[in-house]
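In: What follows is a predicted structure for the sequence shown.
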Amino acid sequence: MPNRYLDILQRVAAGTVAPEEALLQIGQAPFEQLVQGLNLDKQRGLRTGLGEVVFAQSKRLPDLLAAVESLYGREEPREPVLVTRVTAEQGTALREKFPDGYFYEQGRLFALGKDLSLDPPWIPRGDVIVVTAGGADIQVGMEALGTARFFGLNAGFIPDVGIAGLHRLLPYLPDLGKARLIIAVAGMEGALPGVLAGLFPAPVLAVPSSVGYGVSTGGYTALAGMLASCAAGIAVLNIDNGFGAACFAAKLLNN
């Protein structure tokens, strides 16, 4: 692999390959196979603008630790690593292996090489503001907040201001009015994104959460409600997908 990179760089120096084309070629480099069934895509950031993030759910602990270690590297400068859907057991193991890392249990995130500053008090302002309808939606909201900050966005957080007590939103109206993008997380009937889209000029990324009784059916009612909203300017993500919402925001605002 190093020889291939050297060849590409030599051709850039000779003027036979444009820098943009060289970047594309490097981004299409083969993946790294760590163990059977685990292939790391280390050039994803060059191709897509967002580097590979480790999804911890259902991974064997040795494979998880190996993936994080390989992405982080052994030589300076090291690339920050984000791990999502981390259990308490996995978080403990990651902290033991990488004592400089940060485990944010409420958002199920582990970050190595970057402090995401997810502990309260939360700042309610930023280019991106994550808003949750209820306290039960905070876990998904924190996943969105941490991911957004990992990818370099100036992100704020406003929890527990859903339509059961909409007056709780009033103190934050000026901050929300200045946001470039809003990520709204809601379960139950999923009404909050429509309210926000009807009040503010920023586009709203709506994330249905799996919170709710009976006919809420694990977030499907919220998902349907968000898709059926009459308010303009809403894009709907998958159920509980705070990570996906933050990635969408990063691609929108970082390009």
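Out: Thanks, I have the structure now. Residues are numbered from 1 along each chain as shown.
In: Tell me the helices and strands packed up against the host helix or strand of Q139.
Out: Here Q139, judged by DSSP states H and E, is contained in helix 138-150. For helix 138-150, the helices and strands in contact under the criterion 3 or more C-beta pairs under 8 Å, 6 or more residues apart in numbering; DSSP states H and E are strand 81-84, strand 109-112, strand 128-132, strand 155-158, strand 181-186, helix 242-254. In short, each C-beta sits where N, CA and C put it, glycine included.
In: Flag every buried residue along the third one.
Out: By neighbour count, with 16 or more other C-beta atoms under 10 Å as the criterion, the buried positions of strand 128-132 are V128, I129, V130, V131, T132.
In: Which member of those is positioned nearest C247?
Out: Nearest to C247, judged by C-beta to C-beta, of these is V128 at 11.7 Å.
In: That closest one and F157, how far apart?
Out: For V128, the distance to F157 equals 10 Å [C-beta to C-beta, to the nearest Å].
In: again, but for A67
Out: For A67, the distance to F157 (C-beta to C-beta) stands at 28 Å.
In: what about the two, which has more around it?
Out: F157 (26 against 23; other C-beta atoms under 10 Å).
In: Would you mind confirming that that one is in contact with I123?
Out: Yes. At 7.0 Å, F157 and I123 qualify as touching, with contact defined as C-beta atoms under 8 Å.
In: CA atoms only for stretch 214-227 - export them in CSV, please.
Out: In CSV, the C-alpha atoms belonging to stretch 214-227 read as follows (Å, rounded to 0.1, in the frame of the first residue of the first chain):
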residue,chain,number,x,y,z
GLY,A,214,-49.0,0.5,23.2
VAL,A,215,-49.8,1.8,19.7
SER,A,216,-46.5,3.7,19.7
THR,A,217,-45.2,0.3,18.5
GLY,A,218,-41.5,0.9,19.1
GLY,A,219,-41.3,4.2,17.3
TYR,A,220,-43.4,3.5,14.2
THR,A,221,-46.2,5.8,15.2
ALA,A,222,-43.7,8.7,15.7
LEU,A,223,-42.1,7.8,12.4
ALA,A,224,-45.4,7.9,10.5
GLY,A,225,-46.4,11.1,12.2
MET,A,226,-43.1,12.8,11.2
LEU,A,227,-43.4,11.6,7.6
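In: tell me the mean pLDDT over it?
Out: Confidence over stretch 214-227, taken as the mean pLDDT, stands at 92.
In: quick one: buried residues of it?
Out: Within stretch 214-227, the residues that count as buried by 16+ other C-beta under 10 Å are S216, G219, T221, A222, L223, G225, M226.
In: Now tell me which helix or strand of the chain has the poorest mean pLDDT.
Out: Within the chain, judged by mean pLDDT, DSSP states H and E, the helix or strand with the poorest mean is strand 32-35; its value is a mean of 54.
In: Show the backbone phi and psi for F55.
Out: Backbone torsions of F55, given as degrees, to the nearest 10, read phi -90, psi 110.
In: Show me the beta-bridge partners of it.
Out: Listed by DSSP bridges, the beta-bridge partners for F55 are T84.
In: L64 and I183: what is the separation?
Out: As for L64, its distance to I183 is 27 Å (criterion: C-beta to C-beta).
In: no no, L227
Out: Separation of L227 from I183 (C-beta to C-beta): 16 Å.
In: got it, and D115?
Out: D115 sits 21 Å away from I183 when distances are taken as C-beta to C-beta.
In: In terms of packing, which of the two has more residues around it?
Out: Shown here are D115 and I183; by other C-beta under 10 Å, I183 has more neighbours (31 against 13).
In: Surely the more buried one is in contact with A246?
Out: Yes. Distance between I183 and A246: 7.0 Å, which falls inside the contact criterion (C-beta under 8 Å).
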